[in-house]
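Participant: coordinates for the following, if possible.
(4 chains)
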There are 2 protein chains.
Amino acid sequence: MTEEARAAVPLTERQEARRRAILRASAELAGRGGFDAVQMREVAEAADVALGTLYRYFPSKIHLLVAVMQDQLDRLHTTLRKRPPSGERASERVAETLMRAFRALQREPHLAEAMVRALTFADRGASAEVEAVSRRTTAIIVDATGLDRPTADQLCAVRVVEHTWYSVLIAWLCGRASLDQVRADIETASLLVDR
Amino acid sequence: MTEEARAAVPLTERQEARRRAILRASAELAGRGGFDAVQMREVAEAADVALGTLYRYFPSKIHLLVAVMQDQLDRLHTTLRKRPPSGERASERVAETLMRAFRALQREPHLAEAMVRALTFADRGASAEVEAVSRRTTAIIVDATGLDRPTADQLCAVRVVEHTWYSVLIAWLCGRASLDQVRADIETASLLVDR
DNA sequence: ACCAAGTCTGAAACTTGTTCCAGATTAGCG
DNA sequence: CGCTAATCTGGAACAAGTTTCAGACTTGGT
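Facilitator: Numbering: from 1, shown residues only, chains lettered A, B, ... in the order given. Now for the predicted structure:
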């Protein structure tokens, strides 16, 4: 069975439960100590699953953490939707939304570090999953613009905002960017969506 | 002796030679098979030093590959300087320069992959070295603008370009972005320097 | 209820980055 | 030259991600 096909097979209830237990355990460990603290043996034990089973559900630590990220992004998207950004211009709304997302991540810096490290370290083998994360992120940003049908140029702008977002996030997590710099860079990139 | 202080100590000739041999061996292995092909034992053997010595020169695989990147960036900067970009506007010159850099990396995609993976996976322990890479990159971009004294806004723009550059590079290396997308994103981000 | 196919477990083994150390070599100095 | 401190070597040992597998357990179909 191919990778794609496997994902499409519906899981039994117990399997769904296992999958959620694994994701929960991973997020828990990541929140405590970041990327390095997410050790496959510990995840397996915490989720009450054999190591081999963990690897059947998620073929690598990277896949696992990228899946955690998908999960968290969905939550974030739901939260953000509840209170739409208030800015006048699209750029202001994008920047506002991303800064809200940023503050959410600040509350769990270890978890953020684990997810983002996994995301940027991912190789071709996980590109489908990384794409999924990218699609969710794009959706969040496009939502924030409030535009119904963004033009090609605006989609380019959204991609640049996205690049900037992840890159500056890494820099902040590694202590290489200050809060002010994060804000400045996000606001600068956001300007492109008004073009 | 602190990290900083150690770097400042001048190396003997044999030590310089060792360091260069290590970097050469790493670049060679990286060029052949990318990040995974750079195995510390193999680097040590190819450079004809003991494993412990390799670790004395570069405290981790990440440090090693980031050092390779510094090296390559210096070369690139020199090459780029020889033929300055011809565009009318600063944004055009920046985009032109980065696309030239991109074509240079295309010629050695495995090497590029190894360096960029190391760069984005680096944690706090290597942030000084990553900063050094960032400074070199900034210098290349600022050079391309042709501006003598960039404003604060322009420096922000340069940082956004830099974020976009690395992020889209990763996406391309992982097969998630086409050549056209690379160009479009770089050109879009570059627009910010004209502001 | 029974069988075949698929899944899960527990444990060992393998890989590669990293650390450690005892003894050999080298460098700088008087 | 001879001494001392630093460096280098070879190799073992350790850590964590990944693979493998035999046997126990589940599940879906009959």
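Participant: and the gap between the residue nearest to residue A:145 when sequence neighbours are not counted and residue B:55?
Facilitator: Counting by C-beta to C-beta, 6 or more residues apart in numbering or on different chains, residue A:145 lies nearest to residue A:90, which is 4.4 Å off, once chain neighbours are set aside. Bear in mind the C-beta positions are built from the backbone N, C-alpha and C, glycine included. The gap separating residue A:90 from residue B:55 is 51 Å, by C-beta to C-beta, to the nearest Å.
Participant: next: residue A:93.
Facilitator: Distance of residue A:93 to residue B:55, given as C-beta to C-beta: 49 Å.
Participant: name the surrounding residues that touch stretch A:115-125.
Facilitator: A:30, A:34-35, A:59-62, A:64-66, A:68-69, A:72, A:129-130, A:133, A:166, A:169-170, A:173, B:35, B:117, B:120-121, B:123, B:170, B:174-175 (C-beta atoms under 8 Å, 6 or more residues apart in numbering or on different chains).
Participant: how about the residues of chain A near chain B?
Facilitator: A:35, A:117, A:120-124, A:127, A:130-131, A:134, A:153, A:156-157, A:159-160, A:162-164, A:166-168, A:170, A:174-176, A:181, A:184-185, A:188-189, A:191-192, A:195 (C-beta under 8 Å from any C-beta of the partner chain).
Participant: find the centremost residue of chain A, please.
Facilitator: Nearest to the geometric centre of chain A sits residue A:69, at 4.1 Å (C-alpha atoms, centre = their mean).
Participant: got a list of what that one touches?
Facilitator: A:115, A:116, A:118, A:119, A:133.
Participant: excluding chain neighbours, what is closest to residue A:115?
Facilitator: With sequence-adjacent residues excluded and distances taken as C-beta to C-beta, 6+ apart, residue A:115 is closest to residue A:69, at 4.1 Å.
Participant: quick one: pLDDT of the one you found?
Facilitator: As predicted, residue A:69 sits at a pLDDT of 97.
Participant: specify the local secondary structure of it.
Facilitator: helix (DSSP: H, G, I helix; E, B strand; the rest coil).
Participant: please apply the same query to residue A:78.
Facilitator: Here residue A:78 is helix, with the state taken from three-state DSSP.
Participant: tell me how far it lies from residue A:104.
Facilitator: 12 Å.
Participant: neighbour-wise, which of these two wins?
Facilitator: Taking neighbours as other C-beta atoms under 10 Å in any protein chain shown, residue A:78 and residue A:104 compare with residue A:104 leading, 15 against 9.
Participant: looks like residue A:47 contacts residue A:25 (just checking).
Facilitator: Yes: assessed by C-beta atoms under 8 Å, residue A:47 is found in contact with residue A:25 at 4.1 Å.
Participant: how distant is stretch A:186-195 from the center of its chain?
Facilitator: 21 Å (C-alpha atoms, centre = their mean, to the nearest Å).
Participant: does residue A:35 count as helix, strand or coil?
Facilitator: Assignment for residue A:35 (three-state DSSP): helix.
Participant: pull the number of nearby residues for it.
Facilitator: Residue A:35: 20 surrounding residues under other C-beta under 10 Å.
Participant: repeat for residue A:43
Facilitator: When counting by other C-beta under 10 Å, one arrives at 25 neighbours for residue A:43.
Participant: with residue A:17 instead?
Facilitator: For residue A:17, using other C-beta under 10 Å, the count is 11.
Participant: how about the one 3 residues further on?
Facilitator: Residues lying near residue A:20 (other C-beta under 10 Å) number 12.
Participant: tell me which element it falls in.
Facilitator: Using DSSP states H and E, residue A:20 falls within helix A:13-37.
Participant: next one: residue A:42
Facilitator: Residue A:42 belongs to helix A:40-47 when assigned by DSSP H and E.
Participant: that helix packs against which elements?
Facilitator: In terms of contact count using 3 or more C-beta pairs under 8 Å, 6 or more residues apart in numbering or on different chains; DSSP states H and E, helix A:40-47 is assigned the packing partners helix A:13-37, helix A:51-57, helix A:61-82.
Participant: so for residue A:90 and residue B:55, which sits in the more crowded spot?
Facilitator: residue A:90 (22 against 16).
Participant: let me know the pLDDT of the more buried one.
Facilitator: pLDDT, read off for residue A:90, is 96.
Participant: what does the one 5 residues further on give?
Facilitator: We note a pLDDT of 98 for residue A:95 in this prediction.
Participant: pull the contacting residues for it.
Facilitator: Residue A:95 neighbours (C-beta under 8 Å, 6+ apart): A:87, A:183, A:186, A:187, A:190.
Participant: output the lowest mean pLDDT helix or strand found in chain A.
Facilitator: For chain A, counting by mean pLDDT, DSSP states H and E, helix A:3-8 ranks last in confidence among helices and strands (a mean of 45).
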